[in-house]
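Student: For reference, the sequence and a predicted model appear below.
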Amino acid sequence: MNLKIPVWVFIPCYILISFSCNKVEVNSSASSSSGIKFYGNQYGEILKSFGETADGGYLFGGYTNASNDTGGGGQGFIQKCDKNGTPEWYQTYGGAGIVNFFYVVRQTSDGGYIAAGSTSTNGYSSAGAYLVKTDAHGVLSWQKSFGANIYGAYFNDVKETPDHGFVAVGFSYAIDENPLIVVKTDKNGNSLWTKKFIIQKKHNSIGASVDIGPNGEIAIAASSQSEDTLSILYPSFTYLSPDGTLIIPQITYHDFGAMPYYGNAIYSNTEKIISVPGGFIYLAATGLKIGNPNNPNCSTCGISLSMTVFKIDFSGNVLWKYPYNGKSGGITFNDASINPDGVLLISGGTVDNLGVNYCWLMNTDASGNKTRESYIPVKGYNAWACGAVNNGNSLAVGVNLSPVLENHAGYFGFLITDPDGKIIDKTK
């Protein structure tokens with residue numbers, strides 16, 4: 001394919017940052033595009049979600065930049081591949097004049113799929129938070145929109161609950177406040193209850209990630225606006241009973257560094273929460289304020305993107321925490337998963353001080369100690385990972401690929417690496 005249409009892919013700019021950390025094995029393989037499977041259409045697609053399916057294959061989800069069917073709008077997509085990354089089916093969801101975004105897609109206990117994001121028929125400002133349920137082959141079972149108004153609402157994450165319903169989190173625009181929203185549905189997508197929260201007495205509280213506690217509790221990782229500034233977001237924790245009642249007061253972690261909030265550029269999926277024995281692993285996109293002598297009054301100037309991984313108990317108390325920054329230019333992360341033995345696998349993107357973009361993979365042990373870190377350059381592309389699966393002696397990775405020297409839309413793709421991050425080319 002030779003795509004010539006620009007795409008509005010957000011590739012963050014980074015500022016030099018450094019953290020001290022234990023010496024671990026790090027690999028920067030020679031740049032190559034061999035062994036990568038490229039997917040996409042002539043309009044370009046953005047991968048937002050990647051994971052393993054119950055049959056050992058792989059699930060891809062995200063949104064298209066445009067299509068003829070939507071009259072220039074976008075569509076959510078789901079793609080199912082076998083264990084080698086060969087597509088088995090691909091479906092888009094939307095229609096004429098509809099703009100759909102999928103921010104996450106997950107397999108459900110019945111073998112089908114649930115996707116969360118936003119949908120709109122009148123442009124981006126009136127979007128409704130959106131859930132789509134399909135069968136095992138991607139055929140639409142139902143679709144539901146929540147909270148659509150002239151300002152808009154979005155879902156950033158969704159999880160199946162023990163009763164086989166769903167709980168989704170996101171945020172809603174309004175005149176005076178932009179609250180975190182939580183919606184609980186039954187298995188058919190019918191709303192059972194909706195909760196809205198303003199966490200820090202300011203009007204921006206954004207639900208980014210949700211997981212289920214040991215007795216059906218709902219744990220939410222969110223960003224919340226600082227009480228003393230209009231431009232900084234901090235990671236926050238909200239813990240609800242299955243009926244939506246707050247179990248503990250909401251907690252904001254001010255000491256992990258701040259994530260800048262640039263006007264309407266609210267970052268989705270900048271926090272992740274994962275249920276583990278004794279509590280939760282919480283991953284937060286954070287920043288280090290290093291200052292800007294040319295503009296000392298700017299609250300967001302001189303903030304470099306980094307991340308913090310920490311474990312909290314069921315009351316939100318921090319048991320341990322570690323900061324990470326990737327290469328010298330900073331990092332973003334997109335997803336994380338935990339093996340049964342407690343190994344944490346984090347995936348995202350990093351950039352060096354020359355502006356070269358890499359897929360970024362990192363393992364930690366069950367206590368958060370970094371055990372392995374890999375930087376994967378892809379020749380001719382800005383590349384960043386949207387999810388990874390540990391398959392014993394290899395890693396399967398879903399990636400976004402934006403061509404460096406050509407002004408056209410990006411691809412999404414699939415690659416397999418060895419444990420050190422070197423791409424395995426199975427065509428050889």
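Tutor: In hand now; what should we look at? Numbering: from 1, shown residues only.

Student: how about the strands in the stretch 201-350 of the chain?
Tutor: Taking DSSP state E, counting those that start in this stretch, the strands of the stretch 201-350 of the chain run over residues 205-212, 218-225, 232-240, 251-252, 259-260, 271-276, 279-289, 303-312, 318-324, 331-338, 344-351.

Student: Next, the angle from the first one to strand 232-240.
Tutor: Between strand 205-212 and strand 232-240, the angle formed by their directions is 40 degrees, by axes from the mean of the first three to the mean of the last three Cα atoms, to 10 degrees.

Student: Give the pairing partners of strand 205-212; include direction for each.
Tutor: strand 218-225 (antiparallel) (DSSP bridges).

Student: Quick one: mean pLDDT for the partner strand?
Tutor: Averaged across strand 218-225, pLDDT comes to 90.

Student: do the same with stretch 403-411
Tutor: On average, stretch 403-411 scores 75.

Student: Compare the strands of the stretch 201-350 of the chain and give me the one nearest Lys48.
Tutor: strand 331-338 (7.9 Å; Cβ to Cβ). Glycine gets a C-beta too; all of them are placed from N, C-alpha and C.

Student: Quick one: mean pLDDT for that closest one?
Tutor: Rounded mean pLDDT across strand 331-338 is 89.

Student: from memory Ser347 sits against Ala383, does it?
Tutor: No. Contact criterion Cβ atoms under 8 Å: Ser347 and Ala383 do not qualify, at 11.4 Å.

Student: where do the contact lists of the two overlap?
Tutor: Cys359 (Cβ atoms under 8 Å, 6 or more residues apart in numbering).

Student: Provide a list of residues in contact with the nearest residue to Val276 once chain neighbours are set aside.
Tutor: Excluding its sequence neighbours, the residue lying closest to Val276 (Cβ to Cβ, 6 or more residues apart in numbering) is Ile338, at 6.3 Å. Shown in contact with Ile338 (Cβ under 8 Å, 6+ apart): Ile274, Val276, Ile281, Leu344, Leu345.

Student: can you name the two of those residues that are farthest apart?
Tutor: Val276 and Leu345, at 13.5 Å, using Cβ to Cβ across the contacts of Ile338.

Student: who has more neighbours, the two?
Tutor: More crowded of Val276 and Leu345, by other Cβ atoms under 10 Å: Leu345, with 20 against 15.

Student: give me the beta-bridge partners of that one?
Tutor: Under the criterion used (DSSP bridges), Leu345 bridges to Ser337, Asn363.

Student: what do you get for Leu47?
Tutor: Gly62.

Student: quick one: it and Gly62 touch, right?
Tutor: Yes. Between Leu47 and Gly62 there is a contact under Cβ under 8 Å: 4.5 Å.
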